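# Provide a 3D model corresponding to the input given below.
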Amino acid sequence: MSRDAPRVIIMNDAAGPMAARLREAVPEAEVAELTRYEETAALLAEFRPDVVYSIKFAGNEGFPVEALFGPDGPEWVSVGGSGCDHLGTWDAGRVTVTNSAGVAAHMMAEYAFGCALHFSLDIPGLAKDKAARRWDSARMMAPLKGRTLVIVGLGQTGQAVAARGQAFGMHVIGTRARPEPMENLDEVHAADALPELWGRADMIVVAVPLLPSTRGMIGAADFAAMKCSAVVVDVSRGGVIDSGALLAALQEGRIAGAGLDVFAEEPLPEESPFWDLDNIILSPHASGVYEGWDLNSFDMFIENLKRWQRGEALSNVVEPARGY
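Model prediction:
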């Protein structure tokens, strides 16, 4: 495999602009476009790529994991998003996986605080008053300043949330696998400290990857320990929060509300009771989607490809055992 003229497959249903961008930035690269999952195995065997850049475009069902990690697969798979749970596990001695962690961190943090302000300013109540032409001079706003924010997962998204929490004057607490002091955090704890932290939290943002260790990590006992005024924002992956426990907590008023961008089953079925709740913001796994995010991610890949050509260490290498 030649690093002077890398062979790159771009796996995306809109691969054309990325292919043009790559040919301009790395003119020596040989580039192929892959726009259908079912064509993966044949193209891998024919093209023999060094690298596959992949943005999951048709969901998990049918995603060609076996082909990517099979005998005709590349030595490097670059994931265009941050989550790699759709890849399962892989042999890190044979293939390197990187992701684009951070490309949407700022947007996801803005989403989290959009949800928080929706509840703290009682936007639904204001909308009802406006519709009824009611001027309620006794209405009061609820500031975020002085409230406690608990962030579950301090990757780049969690850190972006922390910075904005500090800017709002909140007391910011975070959890991570290896706790240590961090910028914009007043406290950093291990994840096993969460049962003692729930009761302190006014706002909770969940931003961990979906791993065997995080699947179902927030369940009924956790919601029972939270304040009834707490707001939970989930920008992680469907499955981190136990859906049944979350639904019950929202229906029974054991938490005040939630901003939900991810669900265990996506698209969310029409018959799901989450659609009927008035105390949630519901979005279609779009908290990190903004105009140009995909090309920003691809620019990160191009810079990594240049490192790879120079024989330098790649950025954002994902450890299969940790999932990030």
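# in its sheet, which strands sit next to the helix or strand where Ile281 lies, and in what direction?
If you go by DSSP states H and E, Ile281 is part of strand 280-282. Paired neighbours of strand 280-282 in the sheet (DSSP bridges): strand 257-260 (parallel).
# could you list the low-pLDDT ranges of the chain?
For the chain, the stretches flagged by pLDDT under 70 are 1-2.
# center of the chain - which residue?
Ser236 (4.8 Å; Cα atoms, centre = their mean).
# excluding covalently adjacent residues, which one is nearest to that one?
Closest residue to Ser236 apart from its sequence neighbours, by Cβ to Cβ, 6 or more residues apart in numbering: Val206 at 4.7 Å. Placement of C-beta: from N, CA and C, glycine included.
# which residues are in contact with the one you found?
152-153, 218, 232-236, 240-241 (Cβ atoms under 8 Å, 6 or more residues apart in numbering).
# can you show me the CA trace of the longest helix along the chain as CSV?
When the chain is parsed with DSSP state H, its longest helix is helix 293-310. Coordinates of the C-alpha atoms in helix 293-310 are reproduced here as CSV (Å, rounded to 0.1, in the frame of the first residue of the first chain):
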residue,chain,number,x,y,z
TRP,A,293,-21.0,19.8,9.1
ASP,A,294,-20.3,17.0,6.6
LEU,A,295,-17.7,19.0,4.7
ASN,A,296,-16.2,20.2,8.0
SER,A,297,-15.9,16.5,9.0
PHE,A,298,-14.3,15.7,5.7
ASP,A,299,-11.7,18.5,6.1
MET,A,300,-10.7,16.9,9.4
PHE,A,301,-10.3,13.6,7.4
ILE,A,302,-8.1,15.3,4.8
GLU,A,303,-5.8,16.7,7.5
ASN,A,304,-5.6,13.2,9.0
LEU,A,305,-4.9,11.7,5.6
LYS,A,306,-1.9,14.1,5.2
ARG,A,307,-0.6,12.9,8.6
TRP,A,308,-1.0,9.3,7.4
GLN,A,309,1.0,10.1,4.3
ARG,A,310,3.7,11.6,6.4
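# circling back: from the contacts of Val206, pick the one nearest Asp4.
Nearest to Asp4 among the contacts of Val206: Gly153, at 39.2 Å, using Cβ to Cβ.
# what ranges do the strands span in the chain?
7-11, 30-34, 51-54, 76-79, 96-98, 148-152, 171-175, 187-189, 203-206, 231-234, 257-260, 280-282 (DSSP state E).
# how about the ones you listed in a markdown table, adding distance to Glu312?
Listed next are the strands of the chain as a markdown table, based on distance: least, Cβ to Cβ, whole Å:
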| stretch | distance to Glu312 |
| --- | --- |
| strand 7-11 | 17 |
| strand 30-34 | 21 |
| strand 51-54 | 15 |
| strand 76-79 | 13 |
| strand 96-98 | 13 |
| strand 148-152 | 32 |
| strand 171-175 | 31 |
| strand 187-189 | 30 |
| strand 203-206 | 34 |
| strand 231-234 | 36 |
| strand 257-260 | 39 |
| strand 280-282 | 42 |
